[in-house]
Structure formats: structure tokens, C-alpha cells
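Asker: Coordinates for the following, if possible.
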Amino acid sequence: MLALTSALAAHPNAPDSLESVLERMDRTAESFRSFAADVRSVQHTAVIDEDDISTGTILLKRANRGIDVIIEFTAPDRKAISLHSQKAEIYYPKMRTVEEYDISRYRALADQFLLIGFGSSGKELASSYSMKVMGSDQVAGLQATRLELVPKSTEVLKNLKKLELWIPESADYPVQQKFYLAAGDYRLATYTNVKKNPPLSDSDLKLKVPKDVKRVFPQK
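Answerer: Have a look, this model is predicted:
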């Protein structure tokens with residue numbers, strides 16, 4: 001009994017197996033329609049060893065043309081990012097300016113990244129990434145299995161070296177994502193107050209800006 005107690009104390013939260021996590025994702029992928037959560041984003045720049053931390057909310061909805069998403073950061077500075085159809089917009093309220101980008105060439109790739117863990121099936125992930133379980137961690141008050149995903153595409157690897165997903169026990173979505181980028185940079189997103197398939201309208205996903213806002217087109 002003492003030996004068993006000691007063993008459990010040494011390994012209090014064994015991670016789920018890769019198979020069980022992917023099976024849960026497979027079961028719910030087809031029914032995924034939308035997602036809402038609070039988000040904390042950490043953008044790490046390696047060359048200056050600096051973190052840019054922002055908090056806000058995210059709404060994501062599957063549409064016939066792809067994935068629509070809007071992220072509204074409220075602290076430390078207000079900023080909104082919208083991906084809708086073939087267009088990306090970034091709104092800077094202090095400057096009363098919207099930057100508009102044509103993302104038609106990258107729309108399929110953007111949808112793939114947006115859906116990683118949200119509506120993507122285990123089979124889809126396995127076809128695009130080499131995956132393994134890295135352990136079990138406490139994230140946002142939840143015990144979660146940490147998965148490592150390495151892109152199989154050499155083209156994707158040029159920009160994304162690997163990513164990690166933290167999937168809570170008995171859940172089918174990530175509570176945290178970490179994208180390892182070029183030159184040692186990374187982006188870490190942590191989600192709380194998650195709502196799956198909330199009733200979102202198309203207008204909920206549209207950027208709301210004043211009529212007199214200035215629009216700029218950096219690609220031109």
C-alpha cells in the first residue's frame with residue numbers, strides 16, 4: 001500500500017494517450033460550428049528577449065467560405081483583428097486607422113492554423129503533423145495533456161517549427177496553444193471561459209469601426 005501511494009504521489013496526473021485525445025477530437029470535429037473565449041496572448045521576440053502580452057476576447061465561426069474570426073484586445077492597448085472571407089483587418093482605435101490586407105493566397109493555410117484544436121479532427125492533424133505526448137500540465141486551473149506537433153510540410157516548416165497544444169482531460173479543445181516561429185520567436189495563447197458552439201451571428205464576427213476611420217493598404 002505504501003509503495004502504491006508513493007507511486008501515485010510521484011505521478012499524480014498521468015497524461016492521456018495520444019490515441020484517446022485524437023479520438024475525442026474526431027468525435028466532435030464534424031459538429032464544431034463556433035467558439036468563444038477570453039484570451040491571453042504572449043508574443044515573444046527572441047532577439048531582444050521581450051514579451052508583448054495582451055488580453056481580450058476571441059470569437060471564431062465556421063462559414064461556407066472558410067473560418068471567420070475576430071480578436072478584440074482590451075489591455076494594455078485596444079486593438080482588433082478580423083479575418084473575414086479573403087480579407088484581414090487590424091483596427092487601431094487610438095490612431096483611428098484600419099490596416100487592410102488581401103489574404104486570398106493564404107486563406108487555406110490561415111484556416112488550417114485557426115482550426116488547430118478547434119474543429120480539426122484527429123485524423124486531419126495526424127495527416128499534417130508528426131505528433132507525440134510531452135506530458136501533463138496545469139493550465140488555467142485545468143489538468144491538460146501537452147501534445148507536440150511538428151509540421152510534415154517543408155513549406156510550413158519555414159515559418160512554423162513546431163506547435164504545442166494543451167488538451168484538458170475529457171475535453172476535445174485546447175486550453176492553450178504555443179506556436180514556435182522562426183529565429184526563436186513564439187506565440188502563446190491561453191483560453192479561459194471557453195464556450196463551444198455559442199449562437200454567433202455573422203455581424204458578431206464583423207469589425208466595428210467608426211465611419212470616418214482611415215483605411216490603409218500596406219500591400220499596395
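Asker: Show me which helix runs longest in the protein.
Answerer: helix 18-29 (DSSP state H).
Asker: avg pLDDT for that one?
Answerer: Averaging pLDDT along helix 18-29 gives 87.
Asker: how far does the next helix or strand after it sit from the chain's center?
Answerer: For helix 18-29, the following helix or strand on the C-terminal side (DSSP states H and E) is strand 34-45. Centre-to-centre, strand 34-45 and its host chain are 7 Å apart (CA atoms, centre = their mean, to the nearest Å).
Asker: got it, and stretch 58-67?
Answerer: 13 Å.
Asker: same deal with stretch 33-40?
Answerer: Taking mean C-alpha positions (CA atoms, centre = their mean), stretch 33-40 and its chain are 9 Å apart.
Asker: cool, and stretch 132-140?
Answerer: That offset, for stretch 132-140, works out to 16 Å (CA atoms, centre = their mean).
Asker: Parallel or antiparallel, list what pairs with the longest strand seen in the chain.
Answerer: With DSSP state E applied, the strand covering the greatest number of residues in the chain is identified as strand 50-63. If you go by DSSP bridges, strand 50-63 pairs up with strand 34-45 (antiparallel), strand 66-75 (antiparallel).
Asker: List the buried residues for that strand?
Answerer: Ser54, Gly56, Ile58, Leu59, Leu60, Lys61, Arg62 (16 or more other CB atoms under 10 Å). To be clear about C-beta, it is placed using only N, CA and C from the backbone, and glycine gets the same treatment.
Asker: quick one: which two of these are the most distant?
Answerer: The distance between the two most remote of the buried residues of strand 50-63 (CB to CB) is 24.9 Å, for Ser54 and Arg62.
Asker: Quick check: which helices or strands does the longest helix of the chain pack against?
Answerer: helix 122-128, strand 129-139, strand 142-151, strand 160-168 (3 or more CB pairs under 8 Å, 6 or more residues apart in numbering; DSSP states H and E).
Asker: Worst mean pLDDT among these?
Answerer: Among the helices and strands packed on helix 18-29, helix 122-128 scores lowest, at a mean of 86.
Asker: Restricting to C-alpha, output that one in CSV.
Answerer: Provided in CSV are the C-alpha atoms of helix 122-128 (Å, rounded to 0.1, in the frame of the first residue of the first chain):
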residue,chain,number,x,y,z
GLY,A,122,-7.5,13.9,-35.0
LYS,A,123,-7.2,12.3,-38.5
GLU,A,124,-6.6,15.7,-40.1
LEU,A,125,-3.9,16.6,-37.5
ALA,A,126,-2.2,13.3,-38.0
SER,A,127,-2.1,13.8,-41.8
SER,A,128,-0.3,17.1,-41.4
